[in-house]
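Enquirer: what would the 3D arrangement of this be:
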Amino acid sequence: MRALFWTLLLFVLAVVLALLSRVNTGYAILIVPPYRIDISFNTFVFLTVLAFIVAYFIIRAAATTLALPQKVRDYHRSKRRNAAQKSLLDALLAYFEGRYSRAERLASQTLELEESPQSRAISALLAAAAADSIKNTDKRDAYLARSELATPDTHLARLMVQASLQLKAHRYEEALETLHTAKNIAPKLTTALRLELTARQQLGQFAHVLPLIAQLEKSEAINPVQAEQLRKHAFTRQLRDEVQELVLFRRFWNKLPADYRLDSKMALTAARKLTDWQQWQDSREVLTQALQHGWEPALVLALSQLPTDAPADEVLARVQQAEAWLEQHPQDASLLLALGRLCRQQQLWGKARSYLEASLAVAPSAVTHIELARLLTQLDEASTAQLHFEAAASAVEQALADQDD
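Expert: As a prediction, this is how the structure comes out:
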């Protein structure tokens, strides 16, 4: 449509010029001493237009000729850029496919082809991650040390990749140093907080874990249920690893929220520490309160885990407590086992045997067989004890076989 319009316009102009040339009978005089040239005005206009057209094409041809080297350079640059982009995309695809050697090679090619500093930095990071996946630490460190990654635009990206690789290599102290630098650039970066949380957990620095959990929950990086689980785990590990004196324990325990004290793992850790410090009654009360909140076999068994030098009145108190629970849980194998242990420690041989046999009747286990075998050995029933030792060995073998399957 546009071509038809211009064609019609040219025809119209041609007709108009032809009509005007008939009407116009003027002359143009050109004087260049000592010469004088008289030409018709129509010829002068024609020659002027022709000269303009010729000059235009000459200038354009010259400009095109002068710009040709730059166009060639732009063409080759564009070709390199396209090749670099294709190489980078192929490297990313290979990395996600798990073909890390190919990904590292293609990312390295991109580094040679790409001119953009940002694209070169991305290629270096990808090559470093791929090299780490194939355990080539020399190449990984070389890629991470490239100058492209030192620019402000890519510094944070390098730090985050480096911290991730350090965590993967179990270099937790180094990862924390790297993350500290990253947090100076982006203090509220969620990914950095997650990585720091992992590093602190692995190093057992649970006093530092709690503030990180609060930050992650506030930023909605973890939901309230996850935050609660992480807090309980942190408090439990802090109690187990960092609280080594009774005075510190009481201070720590009193500051805990009431529902945390009833958590089974927390109560189990606290009870074991109190038992080690010979705080028999406190240990029993911690276990009793937790069991009243939620019945757990591990807590029941912990009730019977007393050293041989424990006071007889404490052992008796635990027997009485366990027998009271037996009315509510008559078919609980763990409770019957715990009662068997406590009665054996109290030298109530008949009751101990009765409880252990009842536990085996409910749920046979290697532990119960061994406890009964030891009791029978004390009662000089060696042949029957041997049968239970063999039954315990068979139970262990079966459990190992089930694991292999």
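Enquirer: now the helix or strand where residue 118 lies: buried residues?
Expert: Using DSSP states H and E, residue 118 sits in helix 117-133. Within helix 117-133, the residues that count as buried by 16 or more other Cβ atoms under 10 Å are 119-133. Using the backbone N, CA and C atoms, a C-beta is placed for each residue, glycine as well.
Enquirer: packing partners for that helix?
Expert: For helix 117-133, the packing partners by 3 or more Cβ pairs under 8 Å, 6 or more residues apart in numbering; DSSP states H and E come out as helix 41-96, helix 100-113, helix 137-144, helix 152-168.
Enquirer: the second one: how far from the chain's middle?
Expert: So that's helix 100-113. Centroid separation between helix 100-113 and its chain, computed with Cα atoms, centre = their mean, to the nearest Å, is 24 Å.
Enquirer: and the longest one, by the same measure?
Expert: Centroid separation for helix 41-96 versus its chain: 49 Å, with Cα atoms, centre = their mean.
Enquirer: taking helix 117-133 as reference, get the angle to that helix.
Expert: Helix 41-96 and helix 117-133 are oriented at 20 degrees to each other (axes from the mean of the first three to the mean of the last three Cα atoms, to 10 degrees).
Enquirer: where do the domain boundaries of this structure fall?
Expert: Using automatic domain parsing, the domain parsing of the chain gives 77-150, 304-400.
Enquirer: now the terminal residues of the last one, how far apart.
Expert: Same thing as domain 304-400. With Cα to Cα, to the nearest Å as the measure, the ends of domain 304-400 fall 26 Å from one another.
Enquirer: before we move on, what about stretch 129-140?
Expert: Stretch 129-140 has an end-to-end distance of 7 Å (Cα to Cα).
Enquirer: shift numbering so it begins at 27
Expert: OK, 27 is where the count begins now, so the last one is stretch 155-166.
Enquirer: any idea of the mean pLDDT for it?
Expert: The pLDDT scores in stretch 155-166 average 88.
Enquirer: with stretch 303-314 instead?
Expert: Rounded mean pLDDT across stretch 303-314 is 92.
Enquirer: can you give me the neighbour number for the residue lying closest to residue 305 once chain neighbours are set aside?
Expert: Distances taken as Cβ to Cβ, 6 or more residues apart in numbering place residue 272 nearest to residue 305, at 7.0 Å, with adjacent residues excluded. For residue 272, the count of nearby residues is 15 (other Cβ atoms under 10 Å).
Enquirer: distance of residue 272 from residue 378?
Expert: For residue 272, the distance to residue 378 equals 32 Å [Cβ to Cβ, to the nearest Å].
Enquirer: residue 188: neighbour count?
Expert: When neighbours are defined as other Cβ under 10 Å, residue 188 has 22 of them.
Enquirer: need the contact list for it.
Expert: 170, 204 (Cβ atoms under 8 Å, 6 or more residues apart in numbering).
Enquirer: which pLDDT value belongs to it?
Expert: 89.
Enquirer: now do residue 62
Expert: Reported pLDDT for residue 62: 75.
Enquirer: next, count neighbours for it.
Expert: Residue 62: 9 surrounding residues under other Cβ under 10 Å.
Enquirer: could you do residue 403 as well?
Expert: With other Cβ under 10 Å as criterion, residue 403 counts 15.
Enquirer: cool, the one 3 residues further on as well?
Expert: The tally of other residues near residue 406 (other Cβ under 10 Å) stands at 7.
Enquirer: can you confirm it is in a helix?
Expert: No - Residue 406 is assigned coil when assessed by DSSP: H, G, I helix; E, B strand; the rest coil, not a helix.
Enquirer: check it and give its pLDDT.
Expert: Confidence score, pLDDT, at residue 406: 88.
Enquirer: ditto for residue 53
Expert: With respect to pLDDT, residue 53 has a value of 67.
Enquirer: equivalent analysis for residue 85, please.
Expert: With respect to pLDDT, residue 85 has a value of 86.
Enquirer: what's the neighbour count on it?
Expert: 10.
Enquirer: do you know how far it is from residue 113?
Expert: 41 Å.
Enquirer: is residue 196 in a helix, a strand, or coil?
Expert: When classified by three-state DSSP, residue 196 comes out as coil.
Enquirer: show me the contacts for the nearest residue to residue 383 once chain neighbours are set aside.
Expert: Closest residue in space to residue 383, ignoring its immediate chain neighbours: residue 398 at 6.9 Å, by Cβ to Cβ, 6+ apart. Going by Cβ under 8 Å, 6+ apart, residue 398 touches 366, 379, 382, 383, 386, 411, 414.
Enquirer: out of those residues, who's nearest residue 256?
Expert: Nearest to residue 256 among the contacts of residue 398: residue 366, at 37.4 Å, using Cβ to Cβ.
Enquirer: now the closest one. Its backbone dihedrals?
Expert: Per-residue torsions, residue 366: phi -60, psi -40 (degrees, to the nearest 10).
Enquirer: now stretch 200-219: average pLDDT?
Expert: If you average the pLDDT over stretch 200-219, you get 90.
Enquirer: so what's the gap between that stretch and the chain middle?
Expert: Using Cα atoms, centre = their mean, the distance from the centre of stretch 200-219 to the centre of the chain it belongs to is 14 Å.
Enquirer: all helices of the stretch 177-326 of the chain, in order?
Expert: Along the stretch 177-326 of the chain, the segments classed as helices by DSSP state H, counting those that start in this stretch run 178-194, 198-211, 216-229, 232-244, 250-268, 272-281, 284-287, 290-302, 306-319, 323-329.
Enquirer: can you put the ones you listed in TSV and add distance to residue 374?
Expert: Shown next, in TSV, are the helices of the stretch 177-326 of the chain (distance: least, Cβ to Cβ, whole Å):
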stretch	distance to residue 374
helix 178-194	54
helix 198-211	51
helix 216-229	45
helix 232-244	42
helix 250-268	33
helix 272-281	31
helix 284-287	32
helix 290-302	21
helix 306-319	18
helix 323-329	16
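Enquirer: what's near enough to touch residue 194?
Expert: residue 158.
Enquirer: read off the pLDDT value for it.
Expert: Per-residue pLDDT puts residue 194 at 90.
Enquirer: I am finished for the moment; much appreciated.
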